[in-house]
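Peer 1: quick one, structure for this:
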Amino acid sequence: MRIHEILEECVEYISVDGAIGSDPTRLIEHLVKLDPFLDHDYFAHLWTLLCAHPSIQIIITNEPILLPGGTTELGTAPLPQDWVLPQGMQANVDISTLYREGLRGRQIAFMLAGQEFRSDKQAIQDRKEAARKKAKKTKEASLKRNKDKVDEDSDGEMKVDPSGSGVLRVLHVDDSQENDGSAPIPKTDFRRLSEKWGARLRIRCTEDEIYYRLTGSHAKIPKITSTVFHVLQLAAMSRDKGITAIDLGPLVGASQGSMHYFMKVLVQLGLCAKVPAVLHAAVTNLLVFHKFLDQNPNYRALIGKPLNSLLEENQAEENLDDGADEEPEEDDDFIDPSLDDATKLNDWGFDFAPLTEAELMAGHSVKQRLLKMLDHPKLQNHLLRTKNLLPTLGWRGQAVMRHRRAVKRHIDGLVLDGLVERLYIGESRISCIRLSRFNPEPVAKTSEPAKIAADADVEELERVHDLDSML
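Peer 2: Residues are numbered from 1 along each chain as shown. Coordinates of the predicted model:
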């Protein structure tokens, strides 16, 4: 990649992270994916070019922002006295265990964030209280600046709502600040800044550049209020993973009803999309920024284009016990030999790629595989039992009720489309399916009415011809 292409890619990546800015470590990892030859020495050179970019700002946060995949060093600079290292629970928590214990929705979201669960009313009250304290501190800081007459060249402080990290300090020339006896470090020296400030060092775009990159417009859009823009930044920061309304509620401090309205505004403007997904054994919607739709696994499964990375992840689960995938056995003493079980199809060359849960719920791949199985020439009487279809369709995980219901829903969809018909065979009423074109009865029923209609058309033409000859 050329240098101007790398700089443009950096600005585009940084702008998506909004006012909170990007972690330099994450930025390096992103650039390495694009150019494997990029190393830390070359990034140090890129850092000097980014510092000279008119749309880029180097910032220092008051508290470290520790995110997965980002910088974990706290740096050598003194930390705030009231700051405590957060105890993350993502690596230790078992979602299934929490779900069995009765935790639902926002309770799980708060627990994953390492926070105490707060209801909608409590969250709004906490936000009002925090805003009141913030306004008081801002007023005191403003009075102090006016009293001390701080020079214009000194670094200013600004409050940034989406950051959640208190005060952000923008570096103009170096990292010097009041009551700091250490030697100042120029903002162009990435290595020394990273060593000193650790996870507090971040890089971001200016507010106008962020607004333009996220909305595509330099002019302010009336429907995008400050709260809606806050939601837009959070959705963009989530990138290809997306974010749910349950997760947005505590971050924005709004009720679930208000969150759905904010999401609706962004969807109507075409800036985001709501993608159905299954999270924590529940069906929900993800708010995904429009630039990352093609990278979202749930959206890819919805349009029938799976990600190769997801297929590789599922291949690691092939060592699971196949007995756990099977459904509970039914009490069928008699099995019709003219019916084919789905387990026989494994010997017929149906080696389907593993299915992800998103693909299973979306159904495009499932329907295609079902039609391919039903059209196999070795299928006796063209009948296939609907039992134990999941392993043959490519599902490698443990099958639960929602997975079996998803397959049943896709079969019903094929029945409504007229491609497949459902049959119940024998005294035991064994549920089977077959392709509609293998049923001769509809042809026999429709052939006679079609012939009558054709004869009526011929008679009508002859009658019209006779009238013309008489005139």
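
Peer 1: what about dumping the CA coordinates of stretch 427-435 to PDB?
Peer 2: Taking Å, rounded to 0.1, in the frame of the first residue of the first chain, the C-alpha atoms of stretch 427-435 are listed here in PDB:
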ATOM      1  CA  GLU A 427     -50.100 -46.200  11.100                       C
ATOM      2  CA  SER A 428     -47.500 -44.500  13.300                       C
ATOM      3  CA  ARG A 429     -47.900 -41.300  11.200                       C
ATOM      4  CA  ILE A 430     -44.200 -40.900  10.600                       C
ATOM      5  CA  SER A 431     -43.500 -37.300   9.500                       C
ATOM      6  CA  CYS A 432     -41.800 -37.200   6.000                       C
ATOM      7  CA  ILE A 433     -41.200 -34.700   3.300                       C
ATOM      8  CA  ARG A 434     -40.700 -34.900  -0.500                       C
ATOM      9  CA  LEU A 435     -40.400 -32.700  -3.500                       C
END
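
Peer 1: for that stretch, what is the average pLDDT?
Peer 2: Model confidence over stretch 427-435, given as mean pLDDT, is 85.

Peer 1: that one: which residues count as buried?
Peer 2: For stretch 427-435, burial by neighbour count (16 or more other Cβ atoms under 10 Å) applies to 430, 432-435. C-betas here are computed from N, CA, C, even on glycine.

Peer 1: cool, stretch 380-395 as well?
Peer 2: Result for stretch 380-395 [16+ other Cβ under 10 Å]: buried residues 382-395.

Peer 1: ditto for stretch 274-290
Peer 2: Of the residues in stretch 274-290, 274-275, 277-280, 284-290 count as buried by neighbour count, 16+ other Cβ under 10 Å.

Peer 1: in CSV, list the C-alpha atoms belonging to the helix or strand where Pro250 lies.
Peer 2: Here Pro250, judged by DSSP states H and E, is contained in helix 245-252. In CSV, the C-alpha atoms belonging to helix 245-252 read as follows (Å, rounded to 0.1, in the frame of the first residue of the first chain):
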residue,chain,number,x,y,z
ALA,A,245,-30.8,-2.2,22.6
ILE,A,246,-30.2,-4.0,25.9
ASP,A,247,-26.5,-3.0,25.8
LEU,A,248,-27.2,0.5,24.5
GLY,A,249,-29.6,1.3,27.4
PRO,A,250,-27.0,1.5,30.2
LEU,A,251,-24.4,3.2,28.0
VAL,A,252,-26.9,6.0,26.9
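
Peer 1: per-residue confidence averaged over it?
Peer 2: Computed over helix 245-252, the mean pLDDT rounds to 84.

Peer 1: what packs against it?
Peer 2: Identification of packing neighbours for helix 245-252 by 3 or more Cβ pairs under 8 Å, 6 or more residues apart in numbering; DSSP states H and E yields helix 106-112, helix 120-148, helix 226-237, helix 256-268, strand 282-289.

Peer 1: turn these into TSV, including mean pLDDT and distance to His410.
Peer 2: Compiled in TSV, those are given as follows (pLDDT from 0 to 100; distance: least, Cβ to Cβ, whole Å):
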stretch	mean pLDDT	distance to His410
helix 106-112	63	28
helix 120-148	75	36
helix 226-237	92	30
helix 256-268	90	26
strand 282-289	86	15
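
Peer 1: what residues does the residue nearest to Ser15 when sequence neighbours are not counted make contact with?
Peer 2: Sequence neighbours aside, Arg213 is the residue nearest to Ser15 in space, at 3.7 Å (criterion: Cβ to Cβ, 6 or more residues apart in numbering). For Arg213, the contacting residues are 11-12, 15-16, 205, by Cβ atoms under 8 Å, 6 or more residues apart in numbering.

Peer 1: quick one: which of those residues is most hemmed in?
Peer 2: Ranked by neighbour count (other Cβ atoms under 10 Å), the contacts of Arg213 have Cys205 at the top, with 26 neighbours.

Peer 1: pLDDT value on the closest residue to that one other than its chain neighbours, please?
Peer 2: By the measure of Cβ to Cβ, 6+ apart, the closest residue to Cys205 outside its immediate chain neighbours is Ser15, 4.5 Å from it. The predicted structure scores Ser15 at 93 on the pLDDT scale.

Peer 1: over to Tyr212?
Peer 2: Tyr212 carries a pLDDT value of 93.

Peer 1: quick one: which helix or strand includes it?
Peer 2: Remark: Tyr212 resides in helix 207-215, with elements defined by DSSP H and E.

Peer 1: for Leu46, which of the helices and strands packed on helix 245-252 is the nearest?
Peer 2: Judged by Cβ to Cβ, the one of those that comes nearest to Leu46 is helix 226-237, at 22.0 Å.

Peer 1: wait, isn't Glu207 in contact with Ala19?
Peer 2: Yes. Applying Cβ atoms under 8 Å as the test, Glu207 and Ala19 come out as touching, 7.1 Å apart.

Peer 1: ok, the two, which is more surrounded?
Peer 2: Comparing Glu207 with Ala19 by other Cβ under 10 Å, the one with more neighbours is Ala19, at 20 against 13.

Peer 1: shouldn't that one be in contact with Arg204?
Peer 2: Yes. The criterion here is Cβ under 8 Å, and Ala19 meets it with Arg204 at 6.6 Å.

Peer 1: now for those two: what residues contact both?
Peer 2: Overlap between the neighbourhoods of Ala19 and Arg204 consists of Ile210, taking contacts as Cβ under 8 Å, 6+ apart.
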